[in-house]
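Participant: build the 3D model from these lines:
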Amino acid sequence: MLASDQLHYDPYTIELEPDPHEVYRRLRDEAPVYRNEEKDFWALTRFADVEAAFKDHERFSSARGNILEVIKANPVIPSGMFINEDPPEHTIHRALVGRAFTPRRMREIEDKIRAYCIRCLEPFEGADRFDFVTDLGNELPMRAIGMLLGIPESMQESERERTDRRLQSDPGTPMPVRKDRYFTAESFADYVDWRARNPSDDLVTELLNVEFTDVDGVTRRLTRDELLVFVGVIAGAGFETTGRLIGWLGRLLGDHPDVRREVAANRELLPAVVDETLRYEPTGASIARYVTTDVELHGTTVPAGSAVLLVVAAANRDPRRFRDPDRFDIHRPDPHLTFGHGLHFCLGASLARLEGRIALDEVLNRFPDWEVDDDAARRVYTSTMRGWETLPVHIG
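Facilitator: Numbers count the residues shown, from 1 in each chain. Next up is the predicted model:
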């Protein structure tokens, strides 16, 4: 907040505040259609407005990106980058990628995810410290996505590090975006070529062989470049966001020991605590859209061509939608917007929920009590992610 108490929202610096939710409250109450002239963007913060914008893909388009820096740079977006497409391309490509997240595939990998989670945690039995991020959050999502895609463990860590470098930026600084090369997945090329020669029961093998009808009515297989983009997008999204969720589970249940004890005693509450964590502290604070035509909201015109931030972290605590929204309440029935809404609803939501549930279940099996080491915990700063770089806790 500025010294003059003038309302000011900048996604590149707000996370430097100890608590951004006072700024979000003022945005909802005083400027539900907020304009930042310096950074040249608009922001919507009320639940109803954000939800409606997610559903209105014709006026709030994803075709130029879903990150503010990307929309501002207007780079060349490669074919197959389904998260940055609108129908009809999005419809076709999403159906292909959706093969990774069917209930059958989730059932098939659940035991494998749990087994790996146990491998991560067993070395800390009898220890007095454990880090939710570096010891689990950085590892489990990477392995789960690798299981789906068939990526060898030897490749997974380097890909996660590459994703971290691409998404992170210095506090106060936008993420750099190359206009001519915004997204590349060439690091997966050798693996995709190897998998073509060595098929297995994984998504990459399936996508190598699937036939589909493209927007021109041609029945064909994916090109190598399209397949590489698919793999890169799925891997990047899975590595980053679910790791942040695991960190927030450690943080919030460390801050709310009464909730932790309740969940430890009744594991049927695991799905509820995962979803309330996603509402209360969403891993992605905002998602961007490009406005294709003038939009009238609350007496304000957002002109065509504008970049708009849909501030999910603000919408998820809107008292117009949620009762007592600043209370961490795992018995809350209301749905949140952390996974988006409408046709761009996050394809990996089922996997993220599964990983969060398994991770918390196995942590509680070994460490029913913990206390966050606030002196050693460090946040991670990006314009899109909210979370922790490290979250060490005292256990035992």
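Participant: what residues sit buried inside stretch 79-86?
Facilitator: Of the residues in stretch 79-86, 80-86 count as buried by neighbour count, 16 or more other C-beta atoms under 10 Å. Placement of C-beta: from N, CA and C, glycine included.
Participant: adding distance to residue 309, pLDDT and secondary structure, write those residues out as JSON lines.
Facilitator: Formatted as JSON lines, the buried residues of stretch 79-86 follow (distance: C-beta to C-beta, whole Å; pLDDT from 0 to 100; DSSP: H, G, I helix; E, B strand; the rest coil):
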{"residue": "80", "distance to residue 309": "25", "pLDDT": "80", "secondary structure": "coil"}
{"residue": "81", "distance to residue 309": "20", "pLDDT": "86", "secondary structure": "coil"}
{"residue": "82", "distance to residue 309": "21", "pLDDT": "86", "secondary structure": "helix"}
{"residue": "83", "distance to residue 309": "16", "pLDDT": "87", "secondary structure": "helix"}
{"residue": "84", "distance to residue 309": "16", "pLDDT": "88", "secondary structure": "helix"}
{"residue": "85", "distance to residue 309": "20", "pLDDT": "88", "secondary structure": "coil"}
{"residue": "86", "distance to residue 309": "18", "pLDDT": "90", "secondary structure": "coil"}
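Participant: could the residues you listed go into TSV alongside distance to residue 376?
Facilitator: Output for these, formatted as TSV (distance: C-beta to C-beta, whole Å):
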residue	distance to residue 376
80	41
81	38
82	39
83	34
84	37
85	42
86	44
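Participant: out of these, who's nearest residue 184?
Facilitator: Distances from residue 184 to these, taken as C-beta to C-beta, are shortest for residue 81 (10.8 Å).
Participant: checking the spatially closest residue to the closest one that is not a sequence neighbour next. Helix, strand or coil?
Facilitator: Using C-beta to C-beta, 6 or more residues apart in numbering and skipping residues adjacent in sequence, the residue nearest residue 81 is residue 229, 5.3 Å away. Put simply, residue 229 is helix when judged by DSSP: H, G, I helix; E, B strand; the rest coil.
Participant: need the per-residue pLDDT for residue 229.
Facilitator: In this model, residue 229 is scored at 88, pLDDT.
Participant: what is the neighbour count of it?
Facilitator: Counted with other C-beta atoms under 10 Å, the neighbours of residue 229 add up to 24.
Participant: re earlier: list just the nearest of the buried residues of stretch 79-86 to residue 284.
Facilitator: Nearest to residue 284, judged by C-beta to C-beta, of the buried residues of stretch 79-86 is residue 83 at 11.9 Å.
Participant: am I right that that closest one is in contact with residue 67?
Facilitator: No - counting by C-beta atoms under 8 Å, residue 83 does not reach residue 67; the two are 9.9 Å apart.
Participant: next one: residue 312 from residue 241, what distance?
Facilitator: Residue 312 sits 12 Å away from residue 241, going by C-beta to C-beta, to the nearest Å.
Participant: who's in contact with the closest residue to residue 205 other than its chain neighbours?
Facilitator: Nearest residue to residue 205, sequence neighbours excluded (C-beta to C-beta, 6+ apart): residue 199, at 4.5 Å. By C-beta atoms under 8 Å, 6 or more residues apart in numbering, the contact set of residue 199 is 205, 208-209.
Participant: quick one on the thing from earlier: so for residue 312 and residue 241, which residue has more residues nearby?
Facilitator: Neighbour count, other C-beta under 10 Å: between residue 312 and residue 241, residue 312 has more, with 27 against 22.
Participant: quick check, central residue of this structure?
Facilitator: Closest residue to the average C-alpha location of the chain: residue 241 at 3.8 Å, with C-alpha atoms, centre = their mean.
Participant: coming back round to it: helix/strand/coil for the residue nearest to residue 205?
Facilitator: Assigned by three-state DSSP, the conformation of residue 199 is coil.
Participant: any idea where the helices of the chain begin and end?
Facilitator: Along the chain, counting by DSSP state H, helices occupy 21-30, 47-55, 68-73, 89-97, 103-121, 140-149, 153-167, 189-197, 203-209, 224-255, 257-265, 270-280, 312-315, 349-366.
Participant: please identify the deepest-packed of these.
Facilitator: Sort the helices of the chain by mean neighbour count, taking mean count of other C-beta atoms under 10 Å, and helix 312-315 sits at the top with a mean of 28.
Participant: elements contacting that helix?
Facilitator: Judged by 3 or more C-beta pairs under 8 Å, 6 or more residues apart in numbering; DSSP states H and E, helix 312-315 is in contact with helix 21-30, helix 47-55.
Participant: these: which one's closest to residue 133?
Facilitator: Closest among the helices and strands packed on helix 312-315, using C-beta to C-beta: helix 21-30, at 21.9 Å.
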